[in-house]
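Asks: pasting the sequence and the predicted coordinates here, then a few questions.
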Amino acid sequence: MAKTMEEDLRLRLLNTLLTSPHRKLEAVWPVHQEIVSADPLFYVRLAAWYADHGDVRDHKEMFVATLAQSNFPGHREVGLAMLRNLPPYEVSRVLDFVHGRKKARKVRIKTAKSGKPPKHADEAKTAPAGFLKRLAMRIAGADVPAAVTAPAASPAVDMKAQKPQFKAVTEEFGLFRNPPRSMRTEIVRYLREREADADWFDSTALTARKSLKRLYALLHVKPGQRAQRILFNEDPPRDSRLFALRELAKATSPAEQAVAIVANQIPYRLAAPVIRQMTPAVLAALIERMSPQEPNNNDGALSQRGAMEKAELKALIEQKLEAAKSAPRISALKAQTAIDATQGLSVDLKAKLERVADEQVKARGRIKRPTALLIDKSGSMALAIELGKRIGALISTMCEAELFVYAFDTMPYPIVRPPSADDTADLASWEQALVGITAGGGTSCGCAVEAMRLRGQYVEQIIMVTDEGENTAPLFVPTLGKYREALQADPAVCIVRTPGAGEGLEQQCRKAGISVDVFQFGGDYYSLPNLIPLLSRPSRLELLMEIMEYPLPKRRSA
């Protein structure tokens, strides 16, 4: 029983990693605290593993914040080693979460509209005196004088003339604790390390100015001379990039701006807003300063400015996209999201962005087990259909074995993705495959499994996107038993649970002794790549063993 509870705790944390708190760290703090207390040896290894393999920044920050405050031997050293590798804005968020932060904002007060005479006697408590007098006279059977009957004219209220009123609301964020002395020491080292390299400090100050100032101010760290001038005195040295950015804004010709961007290595996202005229030379300089992720994030702007129509600019963009295929900090789904959000992309650029997404997914692992993806299309399951599209596009690029896909309500619908010219499993091809699949009907979670049994389709894992509610035979658990017996298979089950779902199917599987993992999808598609490690391992045990053997980072002495 104790072993089962420990496994459930580990699974609960793995489930939590599938969701994105969207900067609400307090939402995942209790789960992290529970795991670090119940299984500190697993937690610290998972933190180190997730720092290298995870996608959700909020969880990376929470691992650091938790370990840096833990009293278990060795935890703080690992947490501070991980903190040293975070960018400044994440270090600032970790410190803010521990220290606590209050933020005041104004909220508009809703004003009552102009009053109307009450319609019923039970409104007497709030009624004007004239109404009460008339009501009493009518009850007594007396004649009501005209002077009393005619209500006094209410003054007209001009709602447009009323000025909106606001009240101050204070929002609290964090734990409101004194940061450990070791955390302060590590952040001071972090700042001094950057101060010692003028080029590194300048690039950091350009992209994370507010975060750096927050770290200095909150910990009462005296900045070095260069940091003081750049961050606090608004007097950057002439050899600093901030000074160069100011000069860039003053440049009068596009040629001068292009030279300044390249010579001073000004980042794209800072240089672009101050450019007055986007000439090919300026565009070339901006593209040169892009990170591998930025062509994905700004593909629409580049296309609108004609970058894809110029051979030399197109070649530069292609170089960046080629680098993005293997860049470690590229989101596996951002390329596809960029495609979805941008209108008018060229076919060529769209194909390259899709290849970036494919390569990033493939770099995370391969699915070597025959797999089935079952998508619940019963009533109110429109979200499950959309989610199934996304998961299909994600895992089909990773599958080295067969992948069988079914949508189901009370009958199975085989889904066959049409072949594409370059054999990329993009979202568009999955949307085409699911044309005509709409939410409706009852729910038989076993009908697709029965179809696979009758067709002899052998799988070793089943991914089911559902709310876990089934009301029509064949039911999932007994049908899976027949499937296992007929095909001599023992497929693991992974349920991707939609928001608001129940737990009926999971409980039935566990009662029947079926290996099942459950991931609660919270609406954030960026979190889906966290499924990959589970699906690419032969078993959950192998994943846990990999995590437990993962090397721990070492804290630097200075």
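Replies: Received it, and whenever you're ready, just let me know what you need.
Asks: C-alpha from now on. contacts and neighbour counts both.
Replies: Will do.
Asks: which residues in the stretch 151-300 of the chain form strands?
Replies: For the stretch 151-300 of the chain, the strands defined by DSSP state E, counting those that start in this stretch cover 165-173.
Asks: now the stretch 1-150 of the chain
Replies: Counting by DSSP E, counting those that start in this stretch, the stretch 1-150 of the chain has strands at residues 101-109.
Asks: just for it, where's the confidence low?
Replies: Filtered on pLDDT under 70, the stretch 1-150 of the chain yields the residue ranges 1-23, 111-150.
Asks: give me the sheet partners of the host helix or strand of Phe519 and which way each runs.
Replies: Taking DSSP states H and E as the criterion, Phe519 maps to strand 516-520. When pairing is defined by DSSP bridges, strand 516-520 lines up against strand 492-497 (parallel).
Asks: quick one, what contacts Phe63?
Replies: Counting by CA atoms under 8 Å, 6 or more residues apart in numbering, Phe63 touches His32, Ala47, Gly79.
Asks: ok, now Asp490?
Replies: Each residue near Asp490 by CA under 8 Å, 6+ apart is listed here: Glu460, Arg484.
Asks: that one looks like it's in a helix, true?
Replies: No - judged by DSSP: H, G, I helix; E, B strand; the rest coil, Asp490 forms no part of a helix; its state is coil.
Asks: now it. Its backbone dihedrals?
Replies: Dihedral pair for Asp490: phi -140, psi 70, per degrees, to the nearest 10.
Asks: Arg108: which of the contacts of Phe63 is nearest?
Replies: Within the contacts of Phe63, the smallest distance to Arg108 is 36.1 Å, found for His32 (CA to CA).
Asks: is it true that the closest one touches Val64?
Replies: No - the criterion here is CA atoms under 8 Å, and His32 misses it with Val64 at 10.7 Å.
Asks: who has more neighbours out of those two?
Replies: Each of His32 and Val64 has its neighbours counted (other CA atoms under 10 Å); Val64 has more, 28 against 22.
Asks: ok, for the more buried one, nearest residue in space, not its chain neighbours?
Replies: Excluding its sequence neighbours, the residue lying closest to Val64 (CA to CA, 6 or more residues apart in numbering) is Gly79, at 4.7 Å.
Asks: measure that neighbour to Pro414 for me?
Replies: 48 Å (CA to CA, to the nearest Å).
Asks: pick out whichever of the two has more residues nearby.
Replies: It is Gly79, of Gly79 and Pro414, that has more neighbours when counted by other CA under 10 Å, with 28 against 17.
Asks: give me the distance between the nearest residue to Pro412 once chain neighbours are set aside and Leu394.
Replies: In space, and not counting its chain neighbours, Pro412 is closest to Ala448: 4.9 Å by CA to CA, 6+ apart. Distance, Ala448 to Leu394, by CA to CA: 21 Å.
Asks: neighbour-wise, which of those two wins?
Replies: Each of Ala448 and Leu394 has its neighbours counted (other CA under 10 Å); Ala448 has more, 29 against 24.
Asks: helix/strand/coil for the more buried one?
Replies: Taking three-state DSSP, the label given to Ala448 is helix.
Asks: test my guess that it contacts Thr410.
Replies: No - Ala448 is beyond contact range of Thr410, at 9.1 Å (criterion: CA under 8 Å).
Asks: check which helix or strand covers Val477.
Replies: Per DSSP H and E: helix 476-487 holds Val477.
Asks: hang on, the earlier thing: per-residue pLDDT, the residue nearest to Pro412?
Replies: Listed pLDDT for Ala448 reads 96.
Asks: I'd say Pro474 and Ser444 touch.
Replies: Yes - between Pro474 and Ser444 there is a contact at 6.0 Å, judged by CA under 8 Å.
Asks: so the two - more neighbours on which side?
Replies: Neighbours per residue (other CA under 10 Å) separate Pro474 from Ser444, with Ser444 holding more: 23 against 20.
Asks: would that one count as being in a strand?
Replies: No - counting by three-state DSSP, Ser444 is not found in a strand; it is coil.
Asks: can you offset everything so residue one is 390?
Replies: Shifting the count to begin at 390 puts that one at Ser833.
Asks: next one: it from Thr855, what distance?
Replies: In this view, Ser833 and Thr855 are 11 Å apart by CA to CA.
Asks: check Tyr605 too.
Replies: Taking CA to CA, one finds Tyr605 at 48 Å from Thr855.
Asks: next one: Met934
Replies: Applying CA to CA, the value for Met934 to Thr855 is 29 Å.
Asks: do Met841 as well
Replies: Shown here: Met841 relative to Thr855, a distance of 18 Å by CA to CA.
Asks: swap in Ile774?
Replies: 9 Å.
Asks: can you map out the helices along the stretch 490-639 of the chain?
Replies: Ranges of helices in the stretch 490-639 of the chain, per DSSP state H, counting those that start in this stretch, are 518-529, 535-538, 570-584, 587-596, 598-607, 614-616, 630-639.
Asks: what is the longest one packed up against?
Replies: Read that as helix 570-584. Packed against helix 570-584 by the contact rule (3 or more CA pairs under 8 Å, 6 or more residues apart in numbering; DSSP states H and E) you find helix 587-596.
Asks: just how off-centre is the helix it packs on within its chain?
Replies: 27 Å (CA atoms, centre = their mean, to the nearest Å).
Asks: let me know the angle separating that helix from helix 630-639.
Replies: Orientation of helix 587-596 against helix 630-639 (axes from the mean of the first three to the mean of the last three CA atoms, to 10 degrees) gives an angle of 60 degrees.
Asks: list the buried ones in helix 587-596?
Replies: With burial defined by 16 or more other CA atoms under 10 Å, the residues of helix 587-596 counted as buried are Ala587, Phe590, Asp591, Ser592, Thr593, Ala594, Leu595, Thr596.
Asks: is the fourth one in contact with Phe632, as I believe?
Replies: What that stands for is Ser592. No - taking contacts as CA under 8 Å, Ser592 lies outside contact range of Phe632: 11.9 Å.
Asks: tell me, how many residues neighbour Arg945?
Replies: 11.
Asks: if we can go back for a sec, which secondary structure elements does the helix or strand following the strand holding Phe908 contact?
Replies: Following strand 905-909 in sequence order, the next helix or strand is helix 921-925 (DSSP H and E). Using 3+ CA pairs under 8 Å, 6+ apart, the elements in contact with helix 921-925 are helix 929-937.
Asks: if we use 7 Å, what do you get?
Replies: Helix 921-925 sits against no helix or strand, with contacts defined as 3 or more CA pairs under 7 Å, 6 or more residues apart in numbering; DSSP states H and E.
Asks: could you dump that helix to PDB, C-alpha only?
Replies: Provided in PDB are the C-alpha atoms of helix 921-925 (Å, rounded to 0.1, in the frame of the first residue of the first chain):
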ATOM      1  CA  ILE A 921       7.100  12.400 -25.200                       C
ATOM      2  CA  PRO A 922       9.400  11.000 -22.500                       C
ATOM      3  CA  LEU A 923       6.600   8.700 -21.200                       C
ATOM      4  CA  LEU A 924       5.500   7.500 -24.700                       C
ATOM      5  CA  SER A 925       9.100   7.000 -25.900                       C
END
